[in-house]
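Peer 1: Quick one: sequence plus predicted model below, questions after.
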Amino acid sequence: MIILRPKKEFKAPIIAECISPDVFMGKSIDEVAKLKVYEGNKERTLGELFNFSYEKEPEDKIMIIGDVSKVRKIGFNMRKGEIEVKGDVGMHLGAEMKGGKITVFGSAGSWAGSAMSDGLIEVHGSAGDFLGAPLRGSTSGMSGGTIVVHSNVGDEAGAYMRDGSIRIHGSAGQFLGLRMRGGAILVLGDADSRAGAFMTGGRIVICGTLRSLLPAFTIEGVRPSIKVGPEKVSGPFYLFVGDLTEGGDGQLFVSKVRNPHLSPLVTKVMAGE
Amino acid sequence: MMMELLIKNGFVYDPINGIDGERVDIAIKDGRIVERVDERRAEIIDASGMIVMPGGVDLHSHIVGGKVNSGRLLRPEDHRKDYEVKTKVTRSGVGYSIPSTFTTGYRYSRMGYTTVMDPAIAPLKARHAHEELNDTPMIDKGFYPLLGDWWFVLEFIRDGKIEECAAHVAWLISSVKGYAIKLVNPGGLEAWGFGRNVDSIDDPVPYFNITPRDIIRGLCKVNQLLNLPHAIHIHTNNLGKPGNYTTTLDTMKCVEDLAIDDKPIAHVTHCQFNAFKGVNWKTLASGAPEIADYVNKHKHVTLDMGQIIFTDTTTMTADGPFQYILYKLTGNKWVNSDVETETSAGIVPIRYRRASYANAVQWSIGLELALLIKDTWKVYLTTDHPNGGPFTEYPRVIAWLMSRIARERTMKRLNKRAVAKMTLPSIDREYTFYEIAIATRAGPARSLGLKNKGHLGVGADADVAIYDVNPKEVNPSRQYKLVRRAFRRAAYTIKSGEVVVKNGEIVKSMMGDTIWCNIHVMPSLAEDVAKGLKKRFREYWTVEYDNYPIPEKYLSISYPMEIKAKV
Amino acid sequence: MSTSVVQSVTCPICGSFCDDLELTIEDGRITKVKNACAMGEAKFLYAPDLKHRWLKPMIRKDEELVEASLEEAVKKAAEVLAEASYPILYGWSSTCCEAIRVGIELAEEVGGVIDNTATVCHGPSLQAVQDVGLPICTLGQVRHRADVIVYWACNPWEAHPRHIERYTYFPDGRFQSSMWRRYLTRWGMLAQRKRILRALSTHPYIKAILPPLARYELSPELFVKGRKLIVIDVRRTRVAEAADYFIQVKPGEDYELLQALRALVRGIELEVDEVAGVPVKLLEEVVDVMISCDFGVIFFGLGLTMSRGKVRNVDLAIKLTEDLNDRSKWLIAPMRGHFNVTGANAVFTWQTGYPFAVDFSRGYPYYNPGETSVVDILLRGDSDAALVVASDPVAHFPKKAVEHLVKNPLVVIDPSKSATSLMADVVIPSAFVGIEAEGTAYRMDFVPLPLKKVVEPPAGLLSDEEILRMILHEVRKIKGVA
Amino acid sequence: MSLSKLKVVLVTGRSIEQGVSKERGKISDEYFQSVATCHMDPDDMKELGVKEGANVRVTTEFGSVVVKAVKSKRTPHKGTVFIPYGPWASIVVNPTTSSVGMPYFKGIPAEVEVAPKEEPILSLRELLRRHFGRG
């Protein structure tokens, strides 16, 4: 295991896609210290920015201790091994990740797990916007793997998601599961409005309050509980289907108890009025 | 004083001068090919074991202007995967299907191309095209203004006033500093103004009492009256629709009687997209044999391939209604851009897939056209960049043309049903280097009427490409990969007498010329045109008459071709 | 006294970029402006006035701005940029394309982030375009063909005063005629309203603008024939009062309204009776008008990009437009603010592939709004220097962003004094492009037009382009590449 | 009986007066007069007990600024107030960009109250010095 500690408080953004077990494996500390990173527009080596220490086991693990909230692309395209961060971490954590595990004891910036296809990201603090979502213009969202966030997430979590799962213990911002086609998102807290916008498939489960429901969703019924992956979450839940303007049949489960503001609409529609 | 250069010992392919792989030394002085230079003073390039050709000439490649730039805007995901880092001599940029301006220039130059024409610019946005051309280094360039749906053209042709029409076209081309007359889905774009289209060359254009046939014939006559160096450049009606090869034949036939001498009067562009047989996408088949048959029997038309490449690219044409159909077909993102009184445009990203029946058929059509048309001077290599694929993939097309084995290799990976129906497997023909030189430089240069381009005779512009492949040792049919590699990265590119590329890398950045036609009609006619336009300008456009023409000083290096019209 | 008249002058104010102004120049000063709106007139008459301009370059010494030579100021600016690890180069929308081209070269040379004002205007719209595209047209197409015109979350009467008159509701076109007469009739009916007169009398600046029309109910007899104007906004603006339909949407609920309209266009029955405060019955009526027209257009403004939903409001507005093409011809266009913000986007795009927020720190263009957009960079505190050209971020960025901007070295190139230049470390005053210097700019529909030089700039003032070239040259000298 | 504080939604934006006056100079009195203002619904003003031209303090989660209250010309828009773009509005807008680069310049929850006597409307230079320590 290689342990990295920042040498200073960073100011300019640091792009460090080399911080990944795939890159570190088989390299000595000296070799790792020579890896190139960018600090703003200046090319640096990892060794100029971080102090290193080494532990024999586990071999394929990287630990970062300290605030790396300015460091971007940690675990980019990672395929195996493990990264553990004790502190906040910057944008694009585990972007395009294909395997392995990343754990953050702190918060993560936007685009964590962007377009990942396998592996596990667990963030014990909050995460920014675009959790698991692809970068601008791309429609290739998350296609596998798991993201767990123990606190809140920003807007557009799970956008363009095709498969895999996202579990949010806190609350979610607007446009949760935007243009989602498959996979599952579970929110234990509340969700801001526009959840499921443009969704055509997949499953969003909101255990708390959904601020408002989009007009292009229709009520399908009430379900006592719902399975999200291997886990059974008990309700009861309203089941809405949409986004109808996209011809979608995405499923939006919303806690019945926590969303009394939706009950007049549900009652009216169920009564066929 | 400019450098003198001497290219020694290369195998020269210069079809315009009939040189077919002979060892000829090429002498260069002051940007021109000369008889000889002083060997002691000149820089010597040893081209032993290499091919020497005139610089590549591309007569149809969407590289600048409003539509291309909207395509760039639309596709950040296309740029992210392919970018260029700044070097000491080059600017940074992005690449793949719609490269940024600098990158476009560098990449053409690295392939040994030295002249490129953009085929579709809305005249109202010509200033934009020139701004981008001013930022496109390394190549000589120009563009064709879109004229087939310009209200003035429609009205004059409707009223039978061909001479007035010609005078207005002359004013427009000279004002916007364009090069040739371009027609795209004539009549269809005007109809698209209200969301409609035309479906044959005899389908009337709404509100104008005129048909595409009238427009094509009218502008063909205008082109002849104006003595323009290039033929009318036509993107036919019904492009991209199964069964459209008959429209293409109709289009070629409808100007047959206008031909004088043996000079081609119509260029049917990216013919692959308009050579579809069948009644729908499931029954799509190649109409290339029929079209090739017609072209083999007639002298008034030329074509370019519009070859597709199996890749993720961006389609962009002025054919608004076609792009809308493509948007509905693919569900991908869609840009439409209609331009008042003139034209329209559309953009849709697309991925051509080997497993797709339709895409496999399309691939075969392009190659069949090139291989079934016997006279190489009549069909040129293009991918209709970026519609069929980015221009950087030309070397792949060269390999397919030169090697039956290369074609078979690709066919093995294609949709089986498509391959079973193709004519292509039965075609043995393989292009020679001489024919490649025709299809990629001599032919387009001659078609464009660029007398100093596309050849290495004395007096020609010193635009030269040298490729590191030995024609005496390499058998392109079997060793097509070596050929492909050589054409991807020129050993040397010489532009206007200066070495700008070595071993596929830019060693010197420079600006090429912007080539345009300055057309002179009779002064009295020109005066009438100006007077009439001044009076009616605001009826047509939302900009002022004074602000429409582009002053010559706007072009970073202006190269006007002075043309004396018959009217 | 020498008097001359210059015609077909473009107006360096808003995205409508009118090019039919007529200026009278007497003794090197503009004395009369014809055809302009109040803003355009004010710019030509008052902006070149020396009393609110810097006439000499200024450098901050001991917390005070003091006069300096141009060479000194350029050198200082170049040092600031060349030494920075993550400089930002911001503004650009109020200068010409020629200057922007140099600006991008400078950004590349110093490895900085270059961003234009679209970032806080239609940046969200551009991102929406990158997701779903944009069916758009030039403004003449609207003038000739449109029989339904929708202004959504914008207020052209105040922000683009001649837009309606030149391009949409009031001009005559080949297939459509002016609605001026209908408007006047309605106005006549209501002209006595005191409210209107009062509004007029308290306004010194609206002489070119007719009084607004107050209508609170739909009057179907007005919908028999001709163009229709639909306005959707959170506020009852002046243009709302001129509209055939005005839909007042609850603040922050444009997205819901757009989705309801899209559902109705697709023939989906809504289960709710009201969306965003608007009865579904009214929406159905509006949708019927929209799908039965010959040519419709939606112009949208910052009400969509700056409020809840941002990018996705525009995304959905574009999807709605795309769907409407199944029924009729429909196009959509953003109401761009500055006269050359469209040009800034265009130049950025052809040189770098991206329309704004381009990061050159790694030697190639990288774009990711939220990461490479200036407001985010300032909020995170990433940058360590800034160049601001022809813009006033200190006045227009949120306080927290400004706090970081002014904490680091700040270089400003601007023709006039502004909040930002007051805070700067180096100020290099420039000539007004479009008045004292020429260039190129793009109308909101990507139509490029020339900016004219009609008078001489004050002695010693250069154009933005020339100043930027000097800085670029100096930067290259510092870096040893000149 | 008037309220001491009114909960509103703040919208900032362009106005023709701002557009014209900025050409007379960003440090001119015309500009100051046109942008250091808060356009309110007359009913809201009545409720709050402010008269046309009185000073009000607008406070959001992000800051607080004193501007002049003026009656909106087009009403009703109860519960919404409008401040033209400018240095005064910028003090109170919501900087959150949702990672799209764009702060919330519109639709910001705010409170309006009569400004205390000791808090006048700051001039541009005073505002810059107060908030950014320079100018």
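Peer 2: Sure, I can see it. If you're wondering where the values come from, they're calculated on a predicted model, not measured in any experiment. Numbering: from 1, shown residues only, chains lettered A, B, ... in the order given.
Peer 1: So for C:Gly202, what pLDDT did the model give?
Peer 2: Just so we're on the same page, residue C:202 is Thr rather than Gly. With respect to pLDDT, C:Thr202 has a value of 55.
Peer 1: same thing with the one 4 residues further on?
Peer 2: According to the prediction, C:Ile206 has pLDDT 47.
Peer 1: With C:Arg476 instead?
Peer 2: Reported pLDDT for C:Arg476: 97.
Peer 1: I'd like the distance between it and C:Met423.
Peer 2: 28 Å (Cβ to Cβ, to the nearest Å). Backbone N, C-alpha and C define where each C-beta goes, glycine included.
Peer 1: Any stretches of the chain with poor pLDDT?
Peer 2: You didn't say which chain, so I picked chain A. A:273 (pLDDT under 70).
Peer 1: Please refer instead to chain D.
Peer 2: In chain D (pLDDT under 70), the answer is D:1-2.
Peer 1: Could you pull out the strands in it for me?
Peer 2: Shown for chain D, the strands assigned by DSSP state E span residues D:6-13, D:37-40, D:55-60, D:63-71, D:80-84, D:106-114.
Peer 1: if we can go back for a sec, between C:Arg476 and C:Met423, who's got more neighbours?
Peer 2: A direct count of neighbours by other Cβ atoms under 10 Å in any protein chain shown for C:Arg476 and C:Met423 places C:Met423 higher, at 23 against 16.
Peer 1: which bits of the stretch 151-300 of chain B sit near chain C?
Peer 2: Contact residues, the stretch 151-300 of chain B versus chain C (Cβ under 8 Å from any Cβ of the partner chain): B:Trp151, B:Gly193, B:Phe194, B:Gly195, B:Tyr207.
Peer 1: Out of the residues you listed, which sit inside strands?
Peer 2: Among these, no member falls in strands (DSSP E).
Peer 1: Spell out for me the PyMOL command that would select the buried members of the residues you listed.
Peer 2: The PyMOL selection below is limited to those of those classed as buried (16 or more other Cβ atoms under 10 Å in any protein chain shown):
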select buried, chain B and resi 151+193+195
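Peer 1: would you list the residues of the stretch 151-300 of chain B next to chain C in JSON lines and tack on distance to A:Asn41?
Peer 2: Output for those, formatted as JSON lines (distance: Cβ to Cβ, whole Å):
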{"residue": "B:Trp151", "distance to A:Asn41": "51"}
{"residue": "B:Gly193", "distance to A:Asn41": "48"}
{"residue": "B:Phe194", "distance to A:Asn41": "51"}
{"residue": "B:Gly195", "distance to A:Asn41": "49"}
{"residue": "B:Tyr207", "distance to A:Asn41": "57"}
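Peer 1: Output stretch B:509-517 as PDB, nothing but the C-alphas.
Peer 2: Written as PDB, here are the backbone C-alpha positions of stretch B:509-517 (Å, rounded to 0.1, in the frame of the first residue of the first chain):
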ATOM      1  CA  SER B 509       3.100  26.900 -40.100                       C
ATOM      2  CA  MET B 510       2.000  29.000 -43.000                       C
ATOM      3  CA  MET B 511      -1.100  30.500 -44.500                       C
ATOM      4  CA  GLY B 512      -2.400  29.500 -47.900                       C
ATOM      5  CA  ASP B 513      -4.500  31.500 -50.400                       C
ATOM      6  CA  THR B 514      -8.200  32.000 -50.400                       C
ATOM      7  CA  ILE B 515      -9.200  31.300 -54.000                       C
ATOM      8  CA  TRP B 516     -12.300  33.000 -55.400                       C
ATOM      9  CA  CYS B 517     -13.800  34.100 -58.600                       C
END
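Peer 1: And the contacts of it?
Peer 2: B:89-91, B:105, B:114-115, B:130, B:133-134, B:137-142, B:173-174, B:177-180, B:228-229, B:450, B:495-496, B:498, B:500, B:555-561, B:563 (Cβ atoms under 8 Å, 6 or more residues apart in numbering or on different chains).
Peer 1: Likewise for stretch B:535-544?
Peer 2: Contacts of stretch B:535-544 (Cβ under 8 Å, 6+ apart): B:124, B:151-152, B:340-341, B:545, B:548, C:7-8, C:19-20, C:138-140, C:143, C:166-167, C:174, C:447, C:449.
Peer 1: give the contact list for B:Ser289.
Peer 2: Careful, residue B:289 is Pro; it's not Ser. B:Glu368, B:Leu372, B:Thr423.
Peer 1: my read is A:Phe237 is in a strand, agree?
Peer 2: Yes - under DSSP: H, G, I helix; E, B strand; the rest coil, A:Phe237 sits within a strand.
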